[in-house]
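Trainee: Here's a sequence, model it:
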Amino acid sequence: MDFLELAKERYSCRSFKDKKIEKEKILKILEAARVAPTAVNFQPQRILVLDSKEKIENLSKCTPYGWGAPLVFIICYDKDVSWKRKYDLKDEGIVDASIVTTHMMFEAYSLGLGSTWVGAFDPMKIREVYNIPKNYEIVSILPVGYPSEESRPSDMHNKRNEIDSFTFYNEIK
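Mentor: The predicted structure follows:
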């Protein structure tokens, strides 16, 4: 599938079948995370894979947005490893983890799976429930599964600004 076609078709899935995800598909999603570009190739991404019912059920203590997915990734970056820009010490780890999450979402979709990027969560509760080290910054939660028969893109899915509304050539006006 053409990348632009994939990017246009993929949507935030909020309804999943109660069907376990095959190990080979999980490994392909993790491979997409592994090959994602990161600043200076420092590869600070750290991913917690939740594939047991008990661990996934605990997610409800941290966010209401798990939608019963049979697989959940918690994507973090290690602040001790991530690259910091020398001019202002900006930590690029959040960018790296975001690129990783995006790669994972697209790979999941290419495998016939749905996902939703969840940013609405209590990071302190996740840290406590899943014993996340203090040097790991939690960036996203990615529930993944086979879309249910009811799963559809939201009404907002195809509502996009025109290119010229966000693009500038040679100077910002």
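Trainee: longest single strand anywhere in this structure?
Mentor: strand 136-145 (DSSP state E).
Trainee: Could you say which helix or strand holds E107?
Mentor: Element membership of E107 [criterion: DSSP states H and E] is helix 93-110.
Trainee: Now that helix: buried residues?
Mentor: By 16 or more other C-beta atoms under 10 Å, the buried positions in helix 93-110 come out as 93, 95-110. (C-beta placed from N, C-alpha, C; glycine too.)
Trainee: and that helix with strand 136-145, angle?
Mentor: Helix 93-110 runs at 10 degrees relative to strand 136-145, counting by axes from the mean of the first three to the mean of the last three C-alpha atoms, to 10 degrees.
Trainee: so what secondary structure elements neighbour helix 93-110?
Mentor: helix 3-9, helix 23-34, strand 45-50, strand 71-78, strand 114-115, strand 136-145 (3 or more C-beta pairs under 8 Å, 6 or more residues apart in numbering; DSSP states H and E).
Trainee: Could you dump these into CSV with distance to N161 and mean pLDDT added?
Mentor: Shown next, in CSV, are the helices and strands packed on helix 93-110 (distance: least, C-beta to C-beta, whole Å; pLDDT from 0 to 100):
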stretch, distance to N161, mean pLDDT
helix 3-9, 15, 95
helix 23-34, 27, 98
strand 45-50, 30, 98
strand 71-78, 27, 98
strand 114-115, 23, 98
strand 136-145, 23, 98
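Trainee: now, of these, which is deepest in the fold?
Mentor: strand 114-115 (a mean of 26; mean count of other C-beta atoms under 10 Å).
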